[in-house]
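Q: Kindly generate the corresponding structure for this input.
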Amino acid sequence: MSEHRTGAPGRVKEVTSLANPLVKDIKALALKKFRDQQNAFLAEGLKLVIDALDLGWTIMTLIFAKSALGNQAVEKVAARTVAAGGDVLEVSEKVLTAITRRDNPQAVVGVFAQRFVPLKDIRPKDGDVWVALDRVRDPGNLGTVIRTVDAVGAKGVILVGDTTDPFSLETVRATMGSIFAVPVAKTHPEAFLEWRKGFGGIVAGTHLKGAVDYRSVDFGTRPVLLMMGNEQQGLPDNLANTCDKLLRIPQAGRADSLNLAVATAVMLYEIRRDALKLQE
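A: Coordinates of the predicted model:
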């Protein structure tokens, strides 16, 4: 490993070997065990890194490809990283491919500190919409829900029980950057049910046994908590029983259910319909 200067202030480390300890630590972030140990995760792409910095996320390491040398936007981000106390690594294509685990990787990758919002700090106001996901297992589903929450202007996501990691590389990719804009909380079912007792709005869940067509409900301006069940099993009884309304999405064809992320999007756009009309 050698060191030299680029246009950004501070020292930039040049790394070309896959055996470098820094590379090994970053590659380890592919596993949840090491993400939790380091309280860190990876985000790919210059735009995502810039968005994260603009939103106040803590960058630990910036990695960029040699081919990005001389790019003013990259050098500006490198300077911001150094100013924030982070490391900057200039790496070979081989190293970048190993870190991202994909061919033709993005030229810029950031390592950021994880951030969860404590459940006790979530106190929804009128017009706020939150989504609670029970034991969501698919990273693509979770990432798409987070992206949809961002798109409709809902407030955040609460992960209940044993869920997939919102900071896995697959989930972060599926959010398309919305992971940095959408607050995420995680909790156990018991703590969630206790918190729900103090929720002052409407708690609605989708359920195969739901008797009410989702389109017939007037959600008004009160806070709304949308509860969505596990991909295979749906909402368990302990969560379904605490809903004010159990809703169904009618199925006109042979399919008897929708993908979790699609169903969540359908529900969110219905709940936010009046608010979105006002923004048009």
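Q: tell me the strands in the chain, going along the chain?
A: Along the chain, counting by DSSP state E, strands occupy 2-4, 12-15, 40-44, 59-65, 87-91, 108-113, 129-134, 156-160, 184-187, 202-206, 212-213, 224-228, 245-248.
Q: List the strands paired with the longest one, with their directions.
A: Its sheet considered, strand 59-65 pairs with strand 87-91 (parallel), strand 108-113 (antiparallel) by DSSP bridges.
Q: Once you drop chain neighbours, what's closest to the one residue sitting closest to the centre of the chain?
A: Geometric centre of the chain, nearest residue: Ile179, 3.3 Å, by CA atoms, centre = their mean. Residue nearest to Ile179 in three dimensions, not counting chain neighbours: Val172, with 5.3 Å by CB to CB, 6 or more residues apart in numbering. Using the backbone N, CA and C atoms, a C-beta is placed for each residue, glycine as well.
Q: Verify the stated contact: that neighbour with Arg35.
A: No. Judged on CB atoms under 8 Å, Val172 makes no contact with Arg35 at a distance of 10.6 Å.
Q: More neighbours: those two, which one.
A: Val172 (25 against 19; other CB atoms under 10 Å).
Q: quick one: that one and Gly143, what's the gap?
A: From Val172 across to Gly143, the span is 7 Å (CB to CB, to the nearest Å).
Q: what is in contact with these two at once?
A: 166, 179 (CB atoms under 8 Å, 6 or more residues apart in numbering).
Q: quick one: pLDDT of Glu231?
A: Note on Glu231: pLDDT of 88.
Q: Need the residues touching each of Val172 and Arg35.
A: Shared contacts of Val172 and Arg35 (CB under 8 Å, 6+ apart): Phe41.
Q: What about Thr187, how many residues nearby?
A: Number of residues near Thr187 (other CB under 10 Å) recorded here: 20.
Q: What's opposite it in the beta bridge?
A: With DSSP bridges as the criterion, Thr187 is bridged to Val160.
Q: I'd guessed it sits against Val160; true?
A: Yes. The pair Thr187 / Val160 is scored as a contact, 6.2 Å apart, by CB under 8 Å.
Q: Quick one: neighbours of the closest residue to Val212 other than its chain neighbours, just the number.
A: Once flanking residues are discounted, Val212 sits nearest to Leu247: 5.2 Å by CB to CB, 6+ apart. Leu247 has 21 neighbours, counted by other CB under 10 Å.
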